[in-house]
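> pasting the sequence and the predicted coordinates here, then a few questions.
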Amino acid sequence: MSDTLTITDNRTGAQYEVPVKDGAIRAMDLRKIRTGSDDFGLMAYDPAYLNTASCRSGITFIDGDRGILEYRGYPIDQVAEQSDYLETAHLLLFDRLPTQGEYREWTREVAAHAPLPDGLERMLAGFPRSAHPMGIFMSLVGAMATHYPDGHDVSNPQSRRLQAVRLIAKTPTIAAAAHRYVTGQPLVAPRADLGFVGNFLSMVFAGPDGTVRLDPVLERALDLLFVLHADHEQNCSTSTMRAVGSSQADPYSALAAASAALWGPLHGGANEAVLRMLHDIGTADRVPEFVAAVKRGEGRLMGFGHRVYKSYDPRARLVKQTADAVFEVTGRNRLLDIALELERIALQDEYFVARKLYPNVDFYSGLIYEAMGFPMPMFTVLFAVARTSGWVSQWEEMSRDGEQKITRPRQIYTGSATRPFVPRSARA
């Protein structure tokens, strides 16, 4: 059996043999299918890239039909339960789990790069106190390109590694600074004696004396959420990171653009939208009424369904388990009863089952963040901190891919045919 696809063009009667590799054909092979010498050639029309592979990647594997997610070949449940965020970041970036010695050196290296340059902190004063922390995060990440001009040397592997470490180390510091600024609190310097997540919680929640009591259950819960959000294949923000990076822009600019993509309510803002939905429902006894309205097209069920997963999101199970542990420490969030009832009804209702609308990772994560004391505007910022390791890993992989060129999709033109320009004085 030949690994080819035979295409018959019924317009001309011509047949074409197109190679099939890894379950895909090359879109450029369609260009040879033409009706004449002046024909541009056939294109594939794929709005939102629903069935277009833009790259080859060895970082994250997803089988949405079976509910499988793997980082570098390791199942997500094993990584989440046995690893931590910094070890996961090392795995994503370098394609291997570190030895004990390498892990110690890796954590020291990241901690050493956590402080921000003075000029970046001074930029905060230019933002209104009412600013959304995600807008501040985006701006300060992009501004790092001016503080680290060596980041433009994207053809240098050593330089790329340095920028990746800087971004993984500094995004938590930027996120904490954004939170402290909009809440009117003085900034807290990073501490090298704390772990990655513990240091972040210290910078966010430390009191006036600069100290904070870290609950190990909450610290572990946030670490697990960071692991689960670290990478997720070619989603909107990751594709943005690759698209901007394909022009050989510095990684700070590319990551700022990825953060902008993440900010949208259909992407990183989804867990905030879930929490707003639960607040709007109000009480568990109003869930059937809300579900009925959704089925009538009068509302939207947030936190259910996923572009990729057509079964239960494997991350959602882990998040739900984590929520139980968190609420034992913080007390039960009144919204949890609404969420549980909503999940129970939706998983039994044929309307949602037929549409394969299962809870995704966003459904419970917002409840955990709120229980830990994070305000809703910080939810997407937390997502961005976690996703930084995936973004820089994807950017590094793209930089080494000899097949990658500057991103430039085609279009199908639907505008006016050629027409003469009419001078302004002659227009009716």
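Everything's here; your move. Worth saying up front: this structure is predicted, and the values here are computed from it rather than measured. Numbering: from 1, shown residues only.
> going by C-alpha atoms from here, please, whenever you check contacts or count neighbours.
OK.
> poorly predicted segments of this structure, please.
Residue ranges of the chain with pLDDT under 70: 1, 307, 309-310.
> please repeat the previous calculation with a cut-off of 50.
Counting by pLDDT under 50, the chain shows no low-confidence range.
> centre of the chain to the longest helix belonging to it, how far?
The residue-count maximum for a helix in the chain (DSSP state H) belongs to helix 157-182. Chain-centre distance of helix 157-182: 16 Å, with Cα atoms, centre = their mean, to the nearest Å.
> what is that helix packed up against?
helix 100-112, helix 133-147, helix 196-205, helix 251-262, helix 379-399 (3 or more Cα pairs under 8 Å, 6 or more residues apart in numbering; DSSP states H and E).
> quick one: the strands in the chain?
4-8, 15-19, 60-63, 68-71, 74-75 (DSSP state E).
> direction included, what does the last one pair up with?
Each strand that strand 74-75 pairs with, and the sense of that pairing, follows from DSSP bridges: strand 68-71 (antiparallel).
> so how far is the strand it pairs with off the chain centroid?
The answer for strand 68-71 is 15 Å, by Cα atoms, centre = their mean.
> again, but for stretch 322-334
25 Å.
> got the buried residues for the longest helix of the chain?
160-161, 163-182 (16 or more other Cα atoms under 10 Å).
> and the direction of it versus that of helix 100-112, what angle?
50 degrees (axes from the mean of the first three to the mean of the last three Cα atoms, to 10 degrees).
> hang on, the earlier thing: tell me which of the helices and strands packed on helix 157-182 sits nearest to Leu225.
For Leu225, the closest of the helices and strands packed on helix 157-182 is helix 379-399, at 8.0 Å, according to Cα to Cα.
> that closest one packs against which elements?
Helix 379-399 packs on helix 85-94, helix 133-147, helix 157-182, helix 216-228, helix 236-245, helix 251-262, helix 270-281, going by 3+ Cα pairs under 8 Å, 6+ apart.
> what angle separates the longest one from helix 379-399?
Which is helix 157-182. 170 degrees.
> and for the fifth one?
Taking the same axes, to 10 degrees, helix 236-245 and helix 379-399 form an angle of 40 degrees between their directions.
> packing partners of helix 236-245?
Helix 236-245 packs on helix 251-262, helix 379-399, going by 3+ Cα pairs under 8 Å, 6+ apart.
> correct me, but Leu278 touches Glu341?
No: look at Leu278 against Glu341 with Cα atoms under 8 Å: they stay out of range, at 10.8 Å.
> okay, these two: which has more neighbours?
Leu278 (21 against 17; other Cα atoms under 10 Å).
> how many neighbours does Glu17 have?
Around Glu17 there are 13 residues (other Cα under 10 Å).
> which non-adjacent residue is nearest it?
Thr6 (4.7 Å; Cα to Cα, 6 or more residues apart in numbering).
> run a quick neighbour tally on Asp150.
Neighbours around Asp150, by other Cα under 10 Å: 15.
> contact partners for it?
By Cα atoms under 8 Å, 6 or more residues apart in numbering, the residues touching Asp150 are Ser159.
> now do Arg108
Ala192 are the contacts of Arg108 under Cα under 8 Å, 6+ apart.
> relative to Ala89, how far out is it?
Distance from Arg108 to Ala89, counting by Cα to Cα, to the nearest Å: 14 Å.
> just list whatever residues bridge to the nearest residue to Asp9 once chain neighbours are set aside.
Sequence neighbours aside, Gln15 is the residue nearest to Asp9 in space, at 6.2 Å (criterion: Cα to Cα, 6+ apart). Beta-bridge partners for Gln15, by DSSP bridges, are Thr8.
> who touches Gln15 in this structure?
Counting by Cα under 8 Å, 6+ apart, Gln15 has contacts 6-9.
> which of the residues you listed lies closest to His132?
Ile7 (52.0 Å).
> contacts only, for the closest residue to that closest one other than its chain neighbours.
Nearest residue to Ile7, sequence neighbours excluded (Cα to Cα, 6+ apart): Tyr16, at 5.1 Å. Neighbouring residues of Tyr16 by Cα under 8 Å, 6+ apart: 5-8, 33.
> change it to 7 Å
Contacts of Tyr16 were listed using Cα atoms under 7 Å, 6 or more residues apart in numbering, and they are 6-8.
> same check on Val294?
Val294 makes contacts with 300-301, as judged by Cα under 7 Å, 6+ apart.
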